[in-house]
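>>> got a predicted model here, sequence first, then my questions.
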Amino acid sequence: MNRPNDPAERPFFAPTQFERHRGPRVDENRSVAQLARFFARRTASGFGPIALLFTSLLAPMALWLYALLRVQGSATIGAAELGVAAGQEAAFVVENFGYFFQAMTVWVLLVHAALTAPQIAADARAGALLLYFSRPVRPAGYLVARVMASAGVAAIGTSLATIIVVVGHAHVFGWTLPAGALEASRGAISGAAFFPVAFMLLFGAGLLICVASALAAHACSSLVHRGGQPALLYAGAILASVGISWAGQLTWGRTSLARAFDLHHALQAPYFFATRLLDPVDAPPASMIDGAIGLGLWAAIVAGSWWILHRFLSNPPLSRGRA
Amino acid sequence: MVAATPLCHTARVTGAPAVPAVPTVPQRPGAGAVVLTARDVHKSFGKVEALRGINASVPAGVVGLLGPNGAGKTTLLRLIIGLESADIGDVDVLGWPMPSAGLQVRAEIGYMPEDDCLFPKLNGIQQVIHAAQLCGLSRVDAFSRAHKALDMVGLGEARHRPASGFSLGMRQRLRLAMAIAHGPRLLLLDEPTAGLDPQGRDDMLGLIAEIGAAGTSVLLSTHVLADVDAVCSDVLLLSKGRIGFCGAMEKFRASTGGERWQIDVMGDPALLHDALKKAGLSVWMDAHLVGVRLDAPDHGLMWKIAADHGIAVRGLWPVEEAISDAFMRHLRLDDPARERTASSSLSSGAP
């Protein structure tokens, strides 16, 4: 093809409105924060069905509590009405918080399986990793934003639930526990500080499990990329560990080692340790051994997940479909 | 679409019209400025040498990056972006060394990849806002520039539709909008017209030309030589990991090519073809015309040979070389083996 020499023969290009941007740019930290907010919004947008499911489960419980309060009168609800012996309030609350924390770990694991596990795989499938890394985004920044977003969304749920549970218990047992209740459990903290400390422990341990399990879910997402595979891998690993643990307990009895292999159980290790502050007597040595092994297991999982993600993002699949 | 307000910041300062009323071939803003410098760049993937001692200075303007498959174009683009680092040698982009200044460079460049990749589950405007924010624009700036970019590429009406429902042409234009939303100094386009219909291709080339005219340098990697011919002022040709040519388009056509002539004869053109071939000239048949390449500007030689063989010549005129011919010629110059193969397989075509 010969180039047309007559300008009239050359292609006509209609002018539009392109202009260079010469305004300010945000720094890298703010850029990562922007990215995390974007990821969090995307994660939360998938939250609807799960929120609906949990609301539908919690609604009957809330109605039952409401009915209890209406029948007995909220002013009369207290330790005696709940069948808690005098002096056993602290132990009862600590036990209740333990059950609550177990339920919370299940919730966090489900949220990460449903919402977090598919994320990096979806980016890899769509070739979006190329779009991220051809812009001023470091792989570490991308990963931090992903974990912040996933853990943050889960932590909003755990924090709200923690507030409701702690305030509810404080309302029933009084913000300052009787001295007898604390003496019985030889707690290391004063009655006035009991519920604030309990809240901090639940909140902190909740945040920890949100971050740790988000990392593990993202690592699963970087290993397999098709449709529901990452979620299946993540949920499968948890369920397999529970199965192994139960099989171990059936075979060798309720030993620490057998229990510790249950990842769901192990995820509660930080809280097991922390509750010694509230009730040192109620934390038998066997539980502490469980907790120690569980902590070690999750520390290894976090380190392994980081290593897997680091390797993946060092040489990410940059072509669509290469994933 | 006609701009109602001054468009380019520079133009506002100087008072000159921002975009020419009829922008044709792109201007060369900042001509003489260098956007990319490569010094003895080697890059291997295992035993495969993708780049073998690249030395080039790419000027500002709209530059075509040409080369056959496996020539190293994508590797060079990835070195420019900082997705790969050179094994040996240095690459400077916009004056910054790569990949150490990767963040600064990536904030100043726009990249439109060849792959059909978009952010999952976003609509058109969200895609562009997100892309602009990744380049460091605040949400307010990203929002306003994303709308302008979508208007510019002609997707204003489709901005709120899910990108997954876009046609191929719309997706190409969306990816261009994502690449330019932050107003880059250098735009890297990898096969931007692939899969487009003729109208879509013309529109895309028009956008590229306008972006170049507004002061953004463009590196256009493509296999479509006509696209390079239409919008590029300079050419960078890669062949087997080496630079085959780097310079202005006019030089690309003219360099080492000699003069090409076409001769119209009365009677059988094959007689003149054979006579010229016997005289040691490079000749080919083009329908009823005889084509000939002269290393020296001596067209009297052709008259003489025709007269010696009693062939009446009706007309004789010089021919400008097509870019595809120039492309093939530069590849053959770079590879003697290819020269032999091409000579034997193109015996009846242009050399």
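That came in fine, so what should we check first?
>>> ok, and for stretch A:205-221, which residues are buried?
A:205-221 (16 or more other CB atoms under 10 Å in any protein chain shown). Using the backbone N, CA and C atoms, a C-beta is placed for each residue, glycine as well.
>>> hmm, that stretch touching chain B?
No: shown here: stretch A:205-221 not in contact with chain B (CB under 8 Å from any CB of the partner chain), separated by at least 12.7 Å.
>>> put the alpha carbons of that stretch into PDB.
Backbone C-alpha positions of stretch A:205-221 (Å, rounded to 0.1, in the frame of the first residue of the first chain) are rendered in PDB as follows:
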ATOM      1  CA  ALA A 205      -8.700 -12.700  68.600                       C
ATOM      2  CA  GLY A 206     -11.500 -12.200  66.100                       C
ATOM      3  CA  LEU A 207      -9.400  -9.900  64.100                       C
ATOM      4  CA  LEU A 208      -6.500 -12.400  64.200                       C
ATOM      5  CA  ILE A 209      -8.600 -15.200  62.800                       C
ATOM      6  CA  CYS A 210     -10.000 -12.900  60.200                       C
ATOM      7  CA  VAL A 211      -6.500 -12.100  58.900                       C
ATOM      8  CA  ALA A 212      -5.100 -15.600  59.300                       C
ATOM      9  CA  SER A 213      -7.900 -17.300  57.500                       C
ATOM     10  CA  ALA A 214      -8.100 -14.600  54.800                       C
ATOM     11  CA  LEU A 215      -4.400 -15.300  54.000                       C
ATOM     12  CA  ALA A 216      -5.100 -19.000  53.800                       C
ATOM     13  CA  ALA A 217      -8.100 -18.400  51.500                       C
ATOM     14  CA  HIS A 218      -6.100 -16.200  49.200                       C
ATOM     15  CA  ALA A 219      -3.400 -18.800  49.100                       C
ATOM     16  CA  CYS A 220      -6.000 -21.400  48.000                       C
ATOM     17  CA  SER A 221      -7.200 -18.900  45.400                       C
END
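>>> for stretch B:195-215, what is the average pLDDT?
If you average the pLDDT over stretch B:195-215, you get 85.
>>> the host helix or strand of A:Leu35 near chain B at all?
Here A:Leu35 is covered by helix A:28-45, with elements defined by DSSP states H and E. Yes: in terms of CB under 8 Å from any CB, part of helix A:28-45 sits within range of chain B, namely A:28, A:31, A:34-35, A:38, A:42.
>>> could you measure from the closest residue to B:Ser233 other than its chain neighbours over to chain A?
Spatial nearest neighbour of B:Ser233, chain neighbours left out: B:Gly61 (4.5 Å); criterion: CB to CB, 6 or more residues apart in numbering or on different chains. Per CB to the nearest CB, to the nearest Å, B:Gly61 is found 15 Å from chain A.
>>> before we move on, what about B:Ser138?
Taken as CB to the nearest CB, the span from B:Ser138 to chain A is 6 Å.
>>> and that residue, how many neighbours?
Using other CB atoms under 10 Å in any protein chain shown, B:Ser138 is surrounded by 15 other residues.
>>> how about B:Pro269?
18.
>>> also the one 3 residues further on?
B:Leu272 has 25 neighbouring residues, counting by other CB under 10 Å.
>>> tell me the contacts of it?
B:263, B:265, B:290, B:305-306, B:309, B:311, B:313 (CB atoms under 8 Å, 6 or more residues apart in numbering or on different chains).
>>> ok so it is a helix residue?
Yes: using DSSP: H, G, I helix; E, B strand; the rest coil, the secondary structure at B:Leu272 is a helix.
>>> and it, how close does it get to chain A?
From B:Leu272 to chain A the distance is 23 Å (CB to the nearest CB).
>>> leaving out chain neighbours, which residue sits closest to whichever residue of the stretch 51-200 of chain A sits closest to chain B?
Proximity of the stretch 51-200 of chain A to chain B (CB to the nearest CB) peaks at A:Gly127, 2.8 Å away. Counting by CB to CB, 6+ apart, the nearest residue to A:Gly127 once its immediate chain neighbours are dropped is B:Cys117, at 2.8 Å.
>>> part of a strand, is the one you found?
No: applying three-state DSSP, one finds B:Cys117 to be coil, outside a strand.
>>> re the thing from before, which ones among the buried residues of stretch A:205-221 are found in helices?
Of the buried residues of stretch A:205-221, the ones assigned to helices by DSSP state H are A:205-221.
>>> can you list the residues of the stretch 151-300 of chain B near chain A?
Residues of the stretch 151-300 of chain B lying near chain A (CB under 8 Å from any CB): B:151-152, B:178, B:180, B:182-185, B:202, B:205-207, B:209-211, B:213-216, B:225-226, B:229-230.
>>> thought A:Leu313 was touching A:Arg146?
No: contact criterion CB atoms under 8 Å: A:Leu313 and A:Arg146 do not qualify, at 10.0 Å.
>>> between these two, who's got more neighbours?
A:Arg146 (25 against 18).
>>> would you mind measuring from the more buried one to B:Asp264?
69 Å (CB to CB, to the nearest Å).
>>> which residues in the chain form helices?
Chain wasn't specified; assuming chain A. A:28-45, A:48-72, A:89-111, A:118-126, A:128-133, A:139-173, A:179-185, A:194-223, A:229-252, A:256-260, A:263-266, A:269-274, A:285-314.
>>> the intended chain is chain B.
Under DSSP H, chain B gives helices at B:9-14, B:73-81, B:102-108, B:124-134, B:139-152, B:168-180, B:198-213, B:225-231, B:249-254, B:269-278, B:300-308, B:323-334, B:336-345.
>>> pLDDT score assigned to A:Ala86?
Per the predicted model, pLDDT is 67 at A:Ala86.
>>> low-confidence regions, the stretch 1-150 of chain B specifically.
B:1-32 (pLDDT under 70).
>>> which residues touch the single nearest residue of it relative to chain A?
Going by CB to the nearest CB, chain A is nearest to B:Cys117 of the stretch 1-150 of chain B, at 2.8 Å. Contact analysis of B:Cys117 by CB under 8 Å, 6+ apart lists A:126-128, A:130-131, A:320, B:175.
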